[in-house]
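sharing a model prediction with you, sequence too.
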Amino acid sequence: MKNKTAKLILKDGSEYEARSFGVRKSVAGEVVFATGMVGYPEMLTDPSFRGQILVLTYPLVGNYGVPKKENWESDKIQVSGLIVSSYIDTPSHHMSVMTLEKWFKDQGVPLLEIKDTRLLTQKLRQEGVMLGKISVGENNIKFKDPNLRNLVVDVSTKEVLSFGEGKKTIVIIDCGEKKNIISRLLLRGLKVMVVPWDSDVSKFDFPFDGVLISNGPGDPKMAKKTIDNVKKIIKKNIPTLGICLGNQILALALGGTTYKLKFGHRSQNQPVVEHDTKKCYLTTQNHGFAVKKIPKGFKEWFYNANDGTNEGIIHESKPFMSVQFHPEASPGPLDTDFVFDFFLRKAGLLKYKKNEQ
Amino acid sequence: MSNKFKKILVLGSGALKIGEAGEFDYSGSQAIKALREENIKVILINPNIATYQTSKDLADEVYFLPVSDYFVEKVIQKEKPDAALLSFGGQTALNCGFSLARRGIFKKYGVEILGTPIEAIGLTEDREKFAKHLKKIGVPVPSSGAATSVSAAKEVAEKIGFPLMVRAAFALGGQKSGVAYNGAELEKIVSGALALSPQVLIEKYLHHFKEIEYEVVRDRYGNTVTVCNMENLDPLGIHTGDSIVVAPSQTLNNAEYHGLREASIKIVESLKIVGECNVQFALNPKPVNGKLDYFVIEVNARLSRSSALASKATGYPLAYVAAKLALGKSLLQIKNKITKITQSFFEPSLDYIVVKMPRWDLQKFKGAVEEIGSAMKSVGEVMAIGRSFEEALQKAVRMQTGAIEGVTDNGFESVAETKKFLRIPTPRRVFAVAESMRSGMSVREIHKITGIDPWFLYRIQNIVEVEIRFRRQGRGRRGKNLSREFLIELKQVGFSDKKIGKLCGRTEFEIRNLRKKLKILPSVFNIDTLAGEFPAETNYLYLTYHGSHHDALPLGKKGILVLGSGPYHIGSSVEFDWSAVNVALALRKYGRKSIIINCNPETVSTDYDMSDRLYFENISFETVADIYEFENPGGVIISVGGQRPNNLAEKIFREGFHILGTQAKNIDRAEDRNKFSALLDKLFIRQPVWQSFTHMTEAEEFAEKEGYPILVRPSYVLSGSAMRVCYNRLQLLDFIKKAAVLSPEYPVTISKYIENAKELEFDAVAQNGELIVYGISEHVENAGVHSGDATIVYPSQRVYASTEFQLRRISKKIARELNITGPFNIQFLVKDNHPYVIEVNLRASRTFPFLSKAMNVNFPEVVVQSFFGLAKKHLFAYPKSVLVKSPQFSFARLLGADPILRVEMSSTGEVAAFGDDYDEAILKSIFSAHKFDFKNKNVLLSLGGDLNKAKFIETGRLLENLGYKIFATDHTAEFLRNQKIVCTKVFKAYQGSPSALLVIDRRQIAFVVNLSRAEGDRKRTERPGSAATDGFRIRRAAVDKELPLFTDLHLARAFIKALGSYGLQGLKIKSYKEYLGEE
């Protein structure tokens, strides 16, 4: 058991003894917590978690093992490290192909068991997200703020990818997108092109009908090239939908502002209210930054019922819109899947149902 | 938003019964509070006297009347409410409301039904229509068919193919349902179900599917959340009320969790639910194509046991929110009561795991079948919270009975026995799982036999393995080499100090001291609904060994611990919760902070706003001591939660904790039979002759000398488990051999059984040995019927003033001798105007709420006053009305059980009703516990023994005069004819036509009087419950057909006499306050 110990050290100097599973490696990152009770394979492969050491508040993790790669949200574990209260090494599920520990070992990512994850959560809630490091043995590494660099580069595709055979095409600007965004679009009979984060879409020579700015990690201001490119897209009146980081990028591109939240929204039970209808939805969220000033010509589409923060913006007349939450879910509730339909209809890519408009 | 409603009618659920228990006190109480906050007048109909919701100060008007069409309509006529809530009183309220709605009664009086539309409720209750509806909206249901006859059922079976699940429509908690593997079984189940319901639903039995539930809340604007999901440890086939249930689900991945969530929202949306709805799914654990494969198996469009559990498991006040939604509010308009920052449109995120475990009392019912299945049999439940499944499961096991220390504690005597209990689902299955693992059976094998998901089995295996490792390591060393790390591990997998001690030859106290020395103490964690994302303002707490900090600070001397009752079971029910709640509330009035400890999710005491602090924890010495040492309170109250907390007196005292009220040594003097007997002798108080024995020969000598009958029982028991009256030597030998242990360690007490005596209850509060307030109530039945099963009347009706005077004098003496401060209860037996003391309990008794309400004195509040020396003597005011309490039995749900009154308690609940006189009160009370058809003027009499017959002559004549057609069994018929009472003779069983069973089967009669021959007449060791007797068959048939059954001479006579005094129309519709003379 001795060789299985490790430590989590936070920037404020506090230290937490841990049992180490997965690979024994020292890493640094931003320590955040997420409160979803299911969906750890989806969370762990969500590129938005890039550079972060994730604390899961649900105490039992590993229950249903790890599914095949095709069920992940990207092709690898994206978190820098994972901290759980109890790691379960006896999974039981028909989809499971390996234990969580094996997965972390294979992928070279540390997995730590610290009993009092609630204490960690409370600290992060009170003092805000904090830099931290997982330390193994004598190997002392430095704290590292992932938000100071452009994390999007790490997770975006390097080449243009194409999916589906649909007649209409949506271009996804990949800032670290989750695979389920593609799946939700393919399900609607569209063709999907996934392009690198810094692509100047306005110059593409192939025909396409709309743009989706994906989710992704870090501070939106770091993705400057994307922001500049989005300006061009809007100028050309190309229908655009932003998700999560995409919401912030759209806002920044058109003169809005963003700021960092104290401890972010990372859960599957975030209540949002549609501004005009007052209808509420539960959403999955995973972001540390938010939109402050809404750009001219836009209005608030959704807001958060708990803290009132912005959860989406929509242009007053044109098909430009974005949401801070994840309509593609995975993990989390499927309540806001309609956002895709709404956007596609506004963009003229999907027919309205009889009694809708 | 201003409210258009000024006055709302709320229907309660009546008596506690299997399938409908204390959870509806919780939901009704929350609903009433939610309405009162909006300045709406609330009218409540509920005859359950022991509930918190029927408190004088909660609803504006309370009617202790049956929740049935006739009485509810009468109340509507009188009170003229604008609206009604039907979904807070279980199936009883819903069925009654549904019937009234169908008959247009609500419309007639302009009463709007709030919440879910009645059409939707009707749809969910008609299984066939509902299955069609679900198919239409694309939600899968198991292929099924409905039938109204056995032959039609067989046709349906042919189409679907065995195995099949058969359910009765419109039935509580899966009554009369079952799994049929072949035609014969099908026939048996269908005919049983059709006896109870006009329709059965037959569907494919989904072998070893997982059973998953969602609790959904929707507002009228269509905003919907699923508050909680839950997973049954047992696979499909065992009623969820009889299953071990965990929250949240443990073995579902994201796609399954959210796929089922979406389906439940779709259903709720299609039904336009406004309020709460429960959806139960069957989920295929191994779908062929890997895709989500599920079926909906049940939808309850009302608050349910599961919703109470979900509410307690998550901290989300479901019933409160549902009531607000019924008024038309949106989820966004209702504040989150826990965080007070956020609102009610959210789904709680848990950072702990909850394990619910049912509490069964099957051994309390003679002849009851132990196997569990699709019909619920449990009488209560516990809920345990932990940070690991192991921790929560072992806590739950300890909470369940208080006698078992963990999942590895089991009394299996052989491998064969273990195997049997592994194969057949019974209350002991989880123990059989652990035992099988210990003897080397693999998870795979156990999974194959039981269908329990391997995930749960691996966790149980972890417990077993830690124990094996500890045994091996600790062998012969008495735990001396027990390291801090290992002790922490043992605590983290949920072992109690006592169990650890047992495993290494140490006492509980030694382990406790070692633990404290090593600074291994549980962390106090908060339930905040959002897994720490927002700070919580309420103090809903639990203990865990998976922590290194506390969420709460100690309250210190202002804090007072109040120990609750633990799970409801036979002998300990909602009445103790009522006392605990009222004490907690009174503590606030006296500037103290109440800290409740309880582990029963069906209670009001575990509601977030009933105390200053709630520990959802076990009522055991270890837990109470840990909490006491953490809180460092001003003291602990052990006398208002029934026997379970009371039993901790000595240990708590020994640990140096301060017990409020009567001293522990005096509690012992009352509880220890030898000491108590000496005390009575010293005070010259009569008691039945008795003695304790450790050898059979001495016992026999005693019995011969004093003469039979004798009452045989072990010491320190509650509600007479393993208590028996023996009429001769053979019965004595038989009982001792089969049902009791007789050894130096476990002496058996034998007392002279006094026949034909009255029984009286003396309930009181004393302060420093002085009587402050008291009430005397009278049993309608003679002594020999357990006080929990007796019909009780206040004020007494047939007792001499001189007797009451003696009772008061004796009670004063006892109070002074034991220097009682706080509640106490004395049970008296009176023969020839001589009172004998049979029992003293230095705690609040079952009759506390009954007397408090009858006398309009809040006894628990006086108790609190007495603790602080502030109580003042109450003057006795003679009541303006009569209150009668009747027991509620659940025999219909317990296959094989003999529905007869005995010294052992078997009722599951009680009701009470006021009347201007005894006759009116007893009628209303009995109608509250039984369905009674006034128009049916037929009765079946079967009077055993000459004495019973003779004593029934007058009553028989009265029945005749009242126009009843009397059916009587052979000897009874002969006797009645000799007395010139006209009757129709029926054969006892099926020997000929007409037979007693036939008239019952056809429901030709309104009620049954079946009196067993006085037991003294019996020659042999014949026992009630032996299926052979004709009496048993008649009784069983009566309860199976839900006909009122009277097995006691005095009660039967009192009832029939009252029938002679009142017709249905004559029963007054008066509220509680009117009976008290306050309006």
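Happy to help now that I have it. Residues are numbered from 1 along each chain as shown, chains lettered A, B, ... in the order given.

any chance you could map the helices in chain A?
All helices of chain A, identified by DSSP state H, fall at A:40-44, A:100-107, A:117-127, A:152-155, A:179-186, A:224-235, A:245-253, A:338-346.

and among the ones you listed, the most buried is which?
helix A:245-253 (a mean of 29; mean count of other CB atoms under 10 Å in any protein chain shown). For every residue, glycine as well, the C-beta is placed using N, CA and C.

and the angle for it with helix A:179-186?
Following axes from the mean of the first three to the mean of the last three CA atoms, to 10 degrees, one obtains 80 degrees for the angle between helix A:245-253 and helix A:179-186.

what's next to helix A:245-253, contact-wise?
In this structure, residues lying in contact with helix A:245-253 by CB atoms under 8 Å, 6 or more residues apart in numbering or on different chains are A:48, A:152, A:173, A:175-176, A:212-218, A:220-221, A:223, A:226-228, A:230-231, A:234, A:240, A:242, A:256-258, A:287, A:289-291, A:293-295, A:298, A:312-313, A:320, A:322-324.

where's that helix relative to the chain centroid, distance-wise?
The chain centroid and the centroid of helix A:245-253 are separated by 14 Å under CA atoms, centre = their mean, to the nearest Å.

model confidence over that helix, on average?
Taken as a whole, helix A:245-253 has a mean pLDDT of 97.

could you do stretch B:261-281 as well?
97.

end-to-end on that stretch?
Using CA to CA, to the nearest Å, one end of stretch B:261-281 lies 10 Å from the other.

and for stretch B:568-576?
Between the opening and closing residues of stretch B:568-576 there is a gap of 9 Å (CA to CA).

show me what contacts residue A:68?
Residue A:68 sits next to A:95, A:97 when contact means CB under 8 Å, 6+ apart.

look at it and report its pLDDT.
In this model, residue A:68 carries a pLDDT of 97.

contacting residues for residue A:43?
Residues in contact with residue A:43 (CB under 8 Å, 6+ apart) are A:34, A:36, A:49, A:54, A:56, A:286, A:331.

tabulate the residues you listed (JSON lines), appending pLDDT, neighbour count and distance to residue B:164.
Compiled in JSON lines, the contacts of residue A:43 are given as follows (pLDDT from 0 to 100; neighbours: other CB atoms under 10 Å in any protein chain shown; distance: CB to CB, whole Å):
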{"residue": "A:34", "pLDDT": "96", "neighbour count": "29", "distance to residue B:164": "44"}
{"residue": "A:36", "pLDDT": "95", "neighbour count": "24", "distance to residue B:164": "39"}
{"residue": "A:49", "pLDDT": "96", "neighbour count": "28", "distance to residue B:164": "48"}
{"residue": "A:54", "pLDDT": "98", "neighbour count": "24", "distance to residue B:164": "47"}
{"residue": "A:56", "pLDDT": "98", "neighbour count": "24", "distance to residue B:164": "43"}
{"residue": "A:286", "pLDDT": "94", "neighbour count": "30", "distance to residue B:164": "46"}
{"residue": "A:331", "pLDDT": "96", "neighbour count": "26", "distance to residue B:164": "37"}
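
now render those residues as JSON lines, adding distance to chain B.
Compiled in JSON lines, the contacts of residue A:43 are given as follows (distance: CB to the nearest CB, whole Å):
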{"residue": "A:34", "distance to chain B": "9"}
{"residue": "A:36", "distance to chain B": "7"}
{"residue": "A:49", "distance to chain B": "15"}
{"residue": "A:54", "distance to chain B": "14"}
{"residue": "A:56", "distance to chain B": "9"}
{"residue": "A:286", "distance to chain B": "13"}
{"residue": "A:331", "distance to chain B": "4"}
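
now, which of those lie within strands?
Members of the contacts of residue A:43 lying in strands (criterion: DSSP state E): A:34, A:54, A:56, A:286.

and the two most separated of those?
Taking CB to CB as the measure, the ones in strands among the contacts of residue A:43 span a maximum distance of 12.7 Å, between A:56 and A:286.

who touches both of these two?
When contacts are counted by CB under 8 Å, 6+ apart, residue A:56 and residue A:286 have A:34, A:43 as shared neighbours.

quick one: residue B:293 and residue B:283 touch, right?
Yes: A contact is recorded between residue B:293 and residue B:283 when judged using CB atoms under 8 Å, the distance being 7.4 Å.

the more surrounded of those two?
Using other CB atoms under 10 Å in any protein chain shown as the criterion, residue B:293 and residue B:283 rank with residue B:283 on top: 23 against 18.

quick one, what contacts that one?
If you count contacts by CB under 8 Å, 6+ apart, then residue B:283 has B:209-212, B:252, B:256, B:260, B:292-294 around it.

how far does stretch B:449-468 sit from the chain's center?
Using CA atoms, centre = their mean, the distance between the centre of stretch B:449-468 and that of its chain works out at 30 Å.

now it: buried residues?
By neighbour count with 16 or more other CB atoms under 10 Å in any protein chain shown, stretch B:449-468 contains the buried residues B:450-464, B:466-467.

with stretch B:926-934 instead?
Within stretch B:926-934, the residues that qualify as buried are B:926-930, B:932, counting by 16+ other CB under 10 Å.

filter those residues down to the ones in helices?
When helices are assigned by DSSP H, the members of these inside them are B:926-929.

can you give me the domain assignment for the chain?
Chain wasn't specified; assuming chain A. The record's domain split for chain A, according to automatic domain parsing, is A:2-148, A:152-346.

please refer instead to chain B.
Taking automatic domain parsing as the criterion, chain B consists of the domains B:7-117, B:123-349, B:355-517, B:553-619+B:627-641, B:663-688+B:754-841+B:844-874, B:691-747, B:909-1066.

let me see the contact set for residue B:648.
Neighbours of residue B:648 in contact, by CB under 8 Å, 6+ apart: B:563, B:619-621, B:624, B:638.

can you pick the most crowded of those residues?
Neighbour max across those (other CB under 10 Å) = residue B:638, 30 neighbours.

as JSON lines, the ones in helices among the buried residues of stretch B:926-934 with pLDDT and distance to residue B:796 would be great.
Listed next are those as JSON lines, based on pLDDT from 0 to 100; distance: CB to CB, whole Å:
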{"residue": "B:926", "pLDDT": "97", "distance to residue B:796": "19"}
{"residue": "B:927", "pLDDT": "97", "distance to residue B:796": "22"}
{"residue": "B:928", "pLDDT": "97", "distance to residue B:796": "21"}
{"residue": "B:929", "pLDDT": "96", "distance to residue B:796": "21"}
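
quick check: residues of the stretch 151-300 of chain A near chain B?
Residues of the stretch 151-300 of chain A found near chain B (CB under 8 Å from any CB of the partner chain) are A:267-269, A:271, A:273, A:278-280, A:282.

could you rerun that using 10 Å?
The interface of the stretch 151-300 of chain A toward chain B, taken as CB under 10 Å from any CB of the partner chain, is made up of A:263, A:265-273, A:277-282, A:284.

got the contact list for residue 319?
Answering for chain A, as no chain was given. Applying CB atoms under 10 Å, 6 or more residues apart in numbering or on different chains, one finds that residue A:319 lies in contact with A:210, A:237-241, A:342-349.

think we crossed wires, I meant chain B
With CB under 10 Å, 6+ apart as the criterion, the residues that contact residue B:319 are B:23-24, B:26-34, B:87-88, B:275-276, B:303, B:307-308, B:311, B:607.

which SS class is it?
Classification of residue B:319 into helix, strand or coil gives helix, according to DSSP: H, G, I helix; E, B strand; the rest coil.

from chain A, how far out is it?
In this structure, residue B:319 and chain A are separated by 21 Å, where distance is defined by CB to the nearest CB, to the nearest Å.

of the ones in strands among the contacts of residue A:43, which is the nearest to residue B:723?
Sorting those by how near they are to residue B:723, with CB to CB, puts residue A:56 at the top with 52.2 Å.
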